[in-house]
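Novice: Build me a model:
(chains A and B)
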Amino acid sequence: MGRFPYLLLPAVMLCVVSCMKQDADSSAEDFDFGPDAALFIVNEGGFGNGNSSLSVYEPESGVVHNNIFRRANGVPLGDVAQSMTVHDGRGWVVVNNSKVIFAIGLDDIVEKGRITGFVSPRNIAFVSDSKAYVTDMYSQSIYIVDPRTYSMTGTIETGCTTEQIIIHDGYAYVNFWSSGNEVLKIDTATDKVTDRIRTGLQPCSMALDANDRLWVLTDGSAAWPDNPAGSEDPCLHRIDLESFSIDRTLHFDGYVTTGYSSVSRLQTDASGRHLLWLDGEGVWMMDIDSPELPDGPLVRSGSGQTFYSMTVSPSDGDIYVSDAIDYSQNGKISRYSADGTLKDEFTAGICPGAFCWR
Amino acid sequence: MMSVRRIIMSLSVAMTVMPYAAASRGIPSADTSAVRIDSASVTAVRSLGDAGIFATSLDSMALKENISMSFADVLAYNSSVFIRQSGRASLSTISFRGTSASHTQVLWNGMEINSPMSGMTDFSLIPAFLTDRAELVHGTSSLRYAAGGIGGAVILGTGPDLKEGLSMQFIQGIGSFLTVDDYLRIGYRHKGFHASLRTVFSFSPGRFPYVNMDKKVNEYDDDMNIISSYHPREYNENGKYRDWHVLLETGYDIPAGGDIRLAVWRLGSYRQLPKLTVDYSGSGDFINEQDENTLRAVATYSKRAGDVNICASAGYELSGVSYDYAFDAGNGNWSSMTDSYSRTHAVHVKCNADWHLSDRWLLRSSLSVSRQMIESYDDVSGQGYDAGRTDAGLYVSLSWKPVERAGLTLAVREELAGDRLSYPIPSFNADMLVWRPAMLYLKCSVARNYRFPTMNDMYFIPGGNPGLRPENGFSYDAGYSLSKDWSGCSVAAEGTWFDSYINDWIIWLPYGNRKNFFTPLNLLQVHAYGVEQEVRFSAEFRKKWKFSLNGNFTWSPSRNMSGTGMKGDMSSGQQLVYIPEYCASVTSSLSFRSWRLLYKWCWYSRRYVMTSNEDAPSGSVPPYFMNDITLAKSLDFKVAEISLSLAVRNLFNENYVTVLSRPMPGINFEFFAGITPKWNRHVK
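Specialist: Take a look at the predicted model:
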């Protein structure tokens, strides 16, 4: 038996090195950002990895703070953060594949509450302090939630999946994007669908201009000719909200035949007089009264660069575009002035997919 | 015995300071039965055709040291390869030398079983109980068996029971989380004829508790202000699995030399895919599950005629996999995200011939032809693909022993994939015995490597890219092996330095105009290099005590040298995602009479999730150690042998993850009881 202490020694030493120290990331950091931290960036992360994140950018100083949700709350934001909306001094972050909406403080980024019970939530829009709508990509209903109690209070049957919401003058306008071709009109007093209008294939985004006309951009699934729902050239519709009818359509010719990148991210500038959108060539801008589409992009994407998302500053008109690079590393944000001059570049999180102004 | 002490002490230090390595050729390890096993001898005599081959054999005891293990678990503790898995009955893939799972070729009884769609094999679907022989062939040494094994190959085989007459073994396992395992083997052998039937059944709800560090539960006051929060103790939801396997083997040993064999393996697997730790949905409002049914059959004829060994085999595989991912959209409606199925038919024919031209010359050749037919469809998106491809491979090698101590092999392989012909794939291997007392060999190899894109790479909708080029490059290996036995002790070690350059490495990306879906591209140049080390030691004292220790260590930087070429890309020069730079494992056993204690330990360094190698919690998986222990006892009665064992996994109840956002169980137990009737006591 005298030899056995030596024989057991390796096992004992293995036990010593077997104690594991995990990354200490559950402690919370204190933030107090203030109004300078004006631009929130929602980073999707990689699907199934649970590594979405939230960044905030201070336009005046050019300082960016990354991964602030995890740092403030000690837990990750979740899987595939989709969008963020500010209402009543709080940020409401929709985390698609975690099926949750977090309410956070805009200064301390600390969670104030959460709403659950969704299938695949995409966007939240507020009707009032006590009512908000949540769209869902895999449910044929819009969820009605009460932000005060963080609870779901009802649904609106739509007969289709839903994406973006614009609320104006007592009505909510919602697009049926994924394999769809409709814009729905919902009475926010009765929570009923009162009308629907047919558009081109896959209306991906909408914007309200200075004349209270609704612009709808369809991507036509142009970059995916095998889509069972079909494939066609994108188009830009203008909808008169009084009559809820399309009064003008501009066509993007040649996108299907050339396999050109789909258009996306339609929005207006601060004046509401210009429309902006993205495609594979860059950032495009058009006057709302222009009779035809512009000849060339305002900002041309560089070699090896693909713009993924975009926002326009409501204060100075600067244009921010994101590039997800390989979708598995931190993405880049480029900031351009309203005339398309590059002003700044900074790094956000993995796959910066949405922006939100304070 | 001072020298023995010094060796033990040296090993202890080595294993602690730098987790050392060892593969397990002839590991005397524990079984569910606690039968004393003689120390396995290390075979130091190389056959002529093995000159310069870098391979590790796992003996049958290592395969069955814990009967409930899948082959992936066995490799995790007994080899230098990296196993990526997120718990039992989850997709388990292995990677050699810093390459990806699809760079590992897998052969079962000579038939390639990598999915022609994904190019990978799920090792969690290969129970150790159904495997009798296993060999890991490192790097381009695998060219002898198949092309495409840039990382290496896993050669699996089954074999007949050597006992005459009727034999049986049944083992029942019951473990934590209501886990049930049943293993049955019935064998018969008489005058060269043999037949055996093996069945495996495993079931578990997989609903283990864990503290969810990725969530906090809030407590509110009446005004809906959060007053406190805590990490909840949750259950791994949707983790159920139910696997069953039936393996039938029969054959006849031809008295004049050679044999005929048939092996048929049928498996059925139903598995749920557990929820992420960051999923806030309820427990019963979704479906996420996979169902697989696979049949594999191989018929083999081997014959030795004079100086020529011939082996011909024909195999067939039919595999159907369905995947369903849906959510309860309310009001009794289910919203389906994916409802897909795939069906694969594959037919393989192979013929090998070894011609011993003389004592010093060996000519080896192999010709294989396979045909794969794939039907893949998703009911939700309404699309899929239906494609077929005929592949063929020709391999010719010439081995030469210029002197007794040295061997050289020059080989070339040619591959055909559909209408695409590979460049010639040459390889050169050599070894030399430099010090006979310790059987110290030096060896080296250089080879071209080559892998054709998989069927999904080329045809998957959306995103398939028929224009993909094959991955290709060169690999270099150099190493040593030694072994020494003396008075009840044996020490062996093997080490390899490897260096591979792979061009046109395929990755899937949303690229350019197609940013709505992923598409495979030949974007990267990868440099994978490093060191593999293995050490094994065993000793016997006073014929009552036996001790063995086996260690493995791998250092495998696998660098993306080119980056993607995209603006702002920070991936150039970084480690590939989910490939650890370091990994190690140790298996140690101590037996006394009919008792046996087995201790297993493995370690993986940080694995990056982001191509830019961020250390942040969302960008990497922390390093982890894992410890398992098994205590076994055998009871020998006149009519039967009874085996009892208790396996304890995650001994220190570590809270850890192997894949981001996938929970892993804490300490858990499984008790096994086995019976082996002694029906043939009169048979000699």
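Novice: pLDDT weak spots in chain B?
Specialist: B:1-46, B:59-61, B:64-68, B:283-284, B:331, B:511-516, B:680-684 (pLDDT under 70).
Novice: Taking the centroid of it, which residue is nearest it?
Specialist: The residue lying closest to the centre of chain B (CA atoms, centre = their mean) is B:Ala72, at 4.6 Å.
Novice: Just to check, it is in contact with B:Ser95?
Specialist: No - counting by CB atoms under 8 Å, B:Ala72 stays clear of B:Ser95, with 11.4 Å between them. In this view, the C-beta of every residue, glycine as well, is placed from N, C-alpha and C.
Novice: tell me what the top strand by length along chain B is packed against?
Specialist: Ranked by residue count, the top strand of chain B under DSSP state E comes out as strand B:514-541. Based on contacts counted as 3 or more CB pairs under 8 Å, 6 or more residues apart in numbering or on different chains; DSSP states H and E, the elements that strand B:514-541 packs against are helix B:2-17, strand B:489-511, strand B:545-555, strand B:558-560.
Novice: Which neighbouring elements make contact with the third one?
Specialist: In this case it means strand B:545-555. So strand B:545-555, by 3+ CB pairs under 8 Å, 6+ apart, packs with helix A:4-16, helix B:2-17, strand B:514-541, strand B:582-592.
Novice: re earlier: how much distance is there from the longest strand of chain B to the middle of the chain?
Specialist: In terms of CA atoms, centre = their mean, to the nearest Å, the centre of strand B:514-541 is set 13 Å apart from its chain centre.
Novice: With stretch B:152-167 instead?
Specialist: 18 Å.
Novice: can you check stretch A:230-250 too?
Specialist: On CA atoms, centre = their mean, the centre of stretch A:230-250 falls 22 Å from the chain's centre.
Novice: Kindly report the same for stretch B:653-670.
Specialist: Worked out by CA atoms, centre = their mean, stretch B:653-670 lies 20 Å from the chain centre.
Novice: list the buried ones in that stretch?
Specialist: B:654, B:656-666, B:668, B:670 (16 or more other CB atoms under 10 Å in any protein chain shown).
Novice: Equivalent analysis for stretch B:369-385, please.
Specialist: B:Ser370, B:Gln372, B:Met373, B:Ile374, B:Ser376, B:Tyr377, B:Asp378, B:Val380, B:Ser381, B:Gln383, B:Gly384, B:Tyr385.
Novice: Smallest gap between the stretch 51-200 of chain A and chain B, at which residue?
Specialist: Across the stretch 51-200 of chain A, the shortest distance to chain B (CB to the nearest CB) belongs to A:Asn51, at 3.4 Å.
Novice: so how far is B:Ser141 from that residue?
Specialist: A:Asn51 is 38 Å from B:Ser141, where distance means CB to CB, to the nearest Å.
Novice: rewinding a little: how about the buried residues of stretch B:653-670 in JSON lines, adding distance to chain A and secondary structure?
Specialist: As requested, those are exported to JSON lines (distance: CB to the nearest CB, whole Å; DSSP: H, G, I helix; E, B strand; the rest coil):
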{"residue": "B:Glu654", "distance to chain A": "5", "secondary structure": "coil"}
{"residue": "B:Tyr656", "distance to chain A": "6", "secondary structure": "coil"}
{"residue": "B:Val657", "distance to chain A": "9", "secondary structure": "coil"}
{"residue": "B:Thr658", "distance to chain A": "12", "secondary structure": "coil"}
{"residue": "B:Val659", "distance to chain A": "9", "secondary structure": "coil"}
{"residue": "B:Leu660", "distance to chain A": "5", "secondary structure": "coil"}
{"residue": "B:Ser661", "distance to chain A": "3", "secondary structure": "coil"}
{"residue": "B:Arg662", "distance to chain A": "9", "secondary structure": "coil"}
{"residue": "B:Pro663", "distance to chain A": "11", "secondary structure": "coil"}
{"residue": "B:Met664", "distance to chain A": "12", "secondary structure": "coil"}
{"residue": "B:Pro665", "distance to chain A": "15", "secondary structure": "coil"}
{"residue": "B:Gly666", "distance to chain A": "12", "secondary structure": "coil"}
{"residue": "B:Asn668", "distance to chain A": "17", "secondary structure": "strand"}
{"residue": "B:Glu670", "distance to chain A": "20", "secondary structure": "strand"}
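Novice: What segments of the stretch 101-250 of chain A are strands?
Specialist: Counting by DSSP state E, counting those that start in this stretch, the stretch 101-250 of chain A has strands at residues A:111-116, A:121-128, A:131-136, A:141-146, A:151-157, A:165-168, A:171-176, A:182-187, A:192-198, A:203-208, A:214-218, A:235-240, A:245-251.
Novice: Sheet partners, orientation included, of the longest one?
Specialist: When sheet partners are counted by DSSP bridges, strand A:121-128 sits next to strand A:131-136 (antiparallel).
Novice: now for the buried residues of stretch B:653-670, which pair is the farthest apart?
Specialist: By the measure CB to CB, B:Leu660 and B:Glu670 form the most distant pair in the buried residues of stretch B:653-670, at 27.1 Å.
Novice: which regions of the stretch 151-300 of chain A sit below the pLDDT cut-off?
Specialist: A:258-261.
Novice: if we can go back for a sec, quick one, which of the strands of the stretch 101-250 of chain A is packed in tightest?
Specialist: With neighbours defined as mean count of other CB atoms under 10 Å in any protein chain shown, those peak in mean count at strand A:214-218, which reaches a mean of 26.
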